[in-house]
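Chemist: Can you look at this prediction? I've put the sequence above it.
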Amino acid sequence: MAGKSILSVNAGSSSVKITFYTFEKTPKEIAAAQISGITAPPAKLQYSSGSAQHKEELKESLSTPQDAFKCLLQRCFSDPELSEVASPDDLAYICHRVVHGGDYQSSVVITNETYHHLEKLEDLAPLHNYSALEIIRHCRKEIPSVKSVTFFDSAFHQTLPEHVRTYPIDPETAKANGLRKYGFHGISYSFILRSVAEFLQKPVEKTSVIAMHIGSGASICAIKEGKSVDTTMGLTPLAGLPGATRSGDIDPSLVFHYTNDAGKLSPASTKEMHISTAEEILNKKSGWKALTGTTDFSQIAVADPPTPQHKLAFDIVVDRIAGYLGNYFVKLDGKVDALVFAGGIGEKSGLLRKAVVEKCRCLGVGVDGGRNERGAGGETVVDVSLSGEGEGSGKTRVLICQTDEQFEMAFGCVRKYGEDFAAE
């Protein structure tokens, strides 16, 4: 595999990110590129390779993540500044982030069998798996010589205890339809756990943290001695915390009072992708966008006097996070090495971190104002705990972790499929 590279692909509904890494025991980034604004044109392309940085608005129309992926590959393989990734022949593996992996406990190489199994899971998570599977289909057809490996956000949570993952509904119906708590953001939590354990100089299997992946999609995970024991998301990523456009936890009957059409197919449905009106409303038309009109949390989490609606949205997010932190502190018997803030908002919003930790000060946590405001900088993990004596300077630390799902897939690919490194 000498000289080969790994391509990590992270496809969302409105953006596609790709990163090329060296194929070695600790992968190193070669180049990264992304197209955003697929659903809100004009689409924007940006890439970086070493010191080279490039941004532009694209003139061509890109209506799907698959179109964006094809555009990214064409651009990367033809750009002289990205000569290290000149063609598909340079690739050893393509790693795909797939949100819902059902009962898969780890990554899998795509074969006819695994591919068709993932097709069956599309109906379980049409809003979340479709984009990734469209790109996998393209790779199987256009780059068949390169193995595609899928990494699942749900795999990290296969350790959930039975009483946590089971819903109190008819067991036969639940089993026949795969209705249970799966949990998501697992690729991120895997990176966070490894990075924080290394930072704390503890073995992974002896590390217990409450990790928060707070972004447009947000979740929290209770990790006990290296294993997920509870998480806020459930059968789908809708459960738990509110997000930019997701409602998070609500009374299950609310949506039927919201509209009489809740069970009907949404206009967003296609022949391949079946979405109910309820799914469309709660996943795409709720969250802090519904409250404030913006998906940009930085406009909500401001120190200046906010509008009443902005303050309400901010207070809701803080309240829901604090509620789960208290819940998970109890589940971990108070033996928590650290509260870890991660994800785009968790990493960048000092105001959110401060508000959440102040709300949870009875748990013995606190943040240092200066360090919290400075944030993570260029470090993967930074300690922003309040040091010294007094309230908020307890044994549980407060950390920021700059999570990296792209790297985690490349790292996992080498670890599992890099035979040359297995004996090292």
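Modeler: Yes, it's here.
Chemist: got the contact list for the closest residue to Pro237 other than its chain neighbours?
Modeler: Nearest non-adjacent residue to Pro237, counting by CB to CB, 6 or more residues apart in numbering: Phe184, 4.8 Å away. Glycine gets a C-beta too; all of them are placed from N, C-alpha and C. Counting by CB atoms under 8 Å, 6 or more residues apart in numbering, Phe184 makes contact with 99-100, 153-154, 157, 217, 219, 231, 233, 237.
Chemist: same check, this time on Lys416
Modeler: By CB under 8 Å, 6+ apart, the residues touching Lys416 are 106-107.
Chemist: change it to 10 Å
Modeler: 106-109, 149, 151, 422 (CB atoms under 10 Å, 6 or more residues apart in numbering).
Chemist: re earlier: quick one: the residue nearest to Pro237 from Ala176, how far?
Modeler: 22 Å (CB to CB, to the nearest Å).
Chemist: now do Lys202
Modeler: 42 Å.
Chemist: ok, those two, which is more surrounded?
Modeler: Between Lys202 and Ala176, counted using other CB atoms under 10 Å, Lys202 has the larger neighbour count: 14 against 9.
Chemist: which residues does the closest residue to Gly215 other than its chain neighbours contact?
Modeler: In space, and not counting its chain neighbours, Gly215 is closest to Gly343: 3.8 Å by CB to CB, 6+ apart. Applying CB under 10 Å, 6+ apart, we find Gly343 in contact with 185, 188, 192, 211-219, 349, 401-403.
Chemist: Leaving out the residues flanking it, which one is nearest to Thr26?
Modeler: Nearest-residue entry for Thr26: Phe411, 7.4 Å, with adjacent residues in sequence omitted and distances by CB to CB, 6+ apart.
Chemist: My read is that that neighbour contacts Phe23, right?
Modeler: No: contact criterion CB atoms under 10 Å: Phe411 and Phe23 do not qualify, at 11.3 Å.
Chemist: Check which helices and strands the lengthiest helix in the chain sits against.
Modeler: Counting residues, the longest helix in the chain under DSSP state H turns out to be helix 308-331. Contacts defined by 3 or more CB pairs under 10 Å, 6 or more residues apart in numbering; DSSP states H and E place helix 308-331 against strand 209-214, strand 218-224, strand 227-231, helix 287-292, strand 338-342, helix 350-359.
Chemist: Out of these, which is closest to Ala301?
Modeler: Across the helices and strands packed on helix 308-331, Ala301 has its closest neighbour in helix 350-359 (4.7 Å, CB to CB).
Chemist: How about residues contacting the closest one?
Modeler: Contacts to helix 350-359, defined as CB under 10 Å, 6+ apart, come from residues 212, 214, 297-298, 300-303, 314-315, 317-319, 321-323, 325-326, 339, 341, 345-347, 349, 363, 365-367, 369, 371-375, 384-386, 392, 398, 400.
Chemist: Would you check the distance separating that helix from the middle of the chain?
Modeler: How far helix 350-359 lies from its chain's middle: 21 Å, per CA atoms, centre = their mean, to the nearest Å.
Chemist: any idea of the angle that helix forms with helix 308-331?
Modeler: Orientation note: helix 350-359 sits at an angle of 50 degrees relative to helix 308-331 (axes from the mean of the first three to the mean of the last three CA atoms, to 10 degrees).
Chemist: what's the angle between helix 350-359 and strand 209-214?
Modeler: Counting by the same axes, to 10 degrees, helix 350-359 lies at 140 degrees to strand 209-214.
Chemist: What is the subsequent helix or strand relative to helix 350-359?
Modeler: Using DSSP states H and E, the helix or strand that directly follows helix 350-359 along the chain is helix 369-374.
Chemist: So for that following helix, what gets flagged as buried?
Modeler: Residues 371-372 are the ones in helix 369-374 that count as buried (16 or more other CB atoms under 10 Å).
Chemist: Format the CA atom coordinates belonging to it as CSV.
Modeler: Extracted in CSV, the C-alpha atoms of helix 369-374 (Å, rounded to 0.1, in the frame of the first residue of the first chain):
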residue,chain,number,x,y,z
GLY,A,369,-13.2,32.6,32.2
GLY,A,370,-10.0,33.5,30.3
ARG,A,371,-9.3,30.0,29.1
ASN,A,372,-12.9,29.4,28.1
GLU,A,373,-13.0,32.6,26.0
ARG,A,374,-9.7,31.6,24.3
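Chemist: pLDDT averaged over that helix - what is it?
Modeler: Computed over helix 369-374, the mean pLDDT rounds to 96.
Chemist: The chain should start at 185 in everything you say after this.
Modeler: With the count now opening at 185, the last piece we talked about shows up as helix 553-558.
Chemist: and that helix, what does it pack onto?
Modeler: helix 534-543, strand 565-567, strand 581-585.
Chemist: all strands of this protein, in order?
Modeler: Listed in chain order, the strands of the chain (DSSP state E) span 189-195, 199-206, 213-220, 228-233, 236-241, 275-282, 292-293, 331-336, 393-398, 402-408, 411-415, 522-526, 565-567, 581-585.
Chemist: Thanks a lot, catch you later.
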